[in-house]
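*Asks:* Would you be able to build a 3D model of this:
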Amino acid sequence: MSRSVLVTGGNRGIGLAIARSLVDAGDKVAITFRSGEPPQELVERGVLAVRCDITEPEQVEQAYKEIEEKHGKVEVLVANAGITRDQLLLRMSEEDFAAVLDTNLTGTFRMVKRASKGMLRARAGRIVLISSVVGLMGQAGQANYAASKAGLVGFARSLARELGSRGITCNVVAPGFVDTDMTRVLSDEQRAGIVAQVPLGRYARPDEIAAAVRFLASEEAAYITGAVIPVDGGLGMGH
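*Replies:* A predicted model of the protein is given here:
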């Protein structure tokens with residue numbers, strides 16, 4: 001059955017891989033993007049691309065109205081959109097701390113709250129939040145990012161308890177270091193230092209993160225909720 005799926009931040013990196021995977025599964029996929037243009041390959045495959053800044057409640061509401069008009073109520077939400085503004089604590093401004101929390105955590109709250117209305121009426125739904133291994137084990141210079149990603153775990157587990165009786169699951173995928181545009185800007189020395197910490201000895205591919213999301217969004221995962229699935233090559237073991 002073709003479901004109405006929404007992937008936030010689906011225009012690049014992990015979000016793009018997730019959107020591709022769910023299109024391949026036969027779903028009607030919509031993505032949000034904040035800037036630039038949506039990938040032509042997705043547009044050609046019938047993906048609905050909606051410009052939306054998830055820090056703006058009015059834009060969130062408008063995005064949902066457009067998606068519902070064209071695809072119906074959102075049945076699967078993948079909250080992937082996020083930003084980083086890395087800096088050591090004593091140099092981190094309140095603006096940079098607040099901006100990361102507003103996008104990564106509060107923005108996710110906005111998207112989930114709006115999607116849950118239709119899911120509650122349907123007594124069914126899948127919510128998958130994209131966190132990070134950094135949210136579980138921490139990282140120097142990323143106090144704001146780690147706090148936002150750790151917050152998603154408590155948020156998801158609270159929703160799992162709150163919404164479970166209505167047939168709605170809420171789970172978290174926690175990627176490790178993934179080979180995307182965001183990590184390719186690192187120097188060879190920085191990349192080598194990261195890989196040295198990963199038991200599997202390499203970066204993840206975006207499609208490996210997408211595979212975990214696709215499973216959690218599937219019927220096969222109907223009895224999984226409140227889970228945190230690490231896809232990190234073993235980097236975060238024990239957290």
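*Asks:* When you work out contacts or count neighbours from here on, use the C-alpha atoms and nothing else.
*Replies:* Will do.
*Asks:* List the residues that contact residue 30.
*Replies:* Taking C-alpha atoms under 8 Å, 6 or more residues apart in numbering as the contact definition, residue 30 lies against 4, 5, 6, 7, 19, 47, 48, 49, 50, 67.
*Asks:* can I assume it sits in a strand?
*Replies:* Yes. With DSSP: H, G, I helix; E, B strand; the rest coil as the criterion, residue 30 is located in a strand.
*Asks:* Look up how far residue 94 lies from it.
*Replies:* Summarising the geometry, the distance separating residue 30 from residue 94, computed by C-alpha to C-alpha, to the nearest Å, is 33 Å.
*Asks:* sorry, back to before: okay if I get the contacts of residue 30 as JSON lines plus secondary structure?
*Replies:* As requested, these are exported to JSON lines (three-state DSSP):
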{"residue": "4", "secondary structure": "strand"}
{"residue": "5", "secondary structure": "strand"}
{"residue": "6", "secondary structure": "strand"}
{"residue": "7", "secondary structure": "strand"}
{"residue": "19", "secondary structure": "helix"}
{"residue": "47", "secondary structure": "coil"}
{"residue": "48", "secondary structure": "strand"}
{"residue": "49", "secondary structure": "strand"}
{"residue": "50", "secondary structure": "strand"}
{"residue": "67", "secondary structure": "helix"}
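*Asks:* Show me just the buried residues among the residues you listed.
*Replies:* 4, 5, 6, 7, 19, 47, 48, 49, 50, 67 (16 or more other C-alpha atoms under 10 Å).
*Asks:* Which single one of those residues is nearest to residue 203?
*Replies:* Set against residue 203, the nearest of the buried ones among the contacts of residue 30 by C-alpha to C-alpha is residue 19 (20.3 Å).
*Asks:* Against residue 150, how distant is that closest one?
*Replies:* Counting by C-alpha to C-alpha, the gap between residue 19 and residue 150 amounts to 24 Å.
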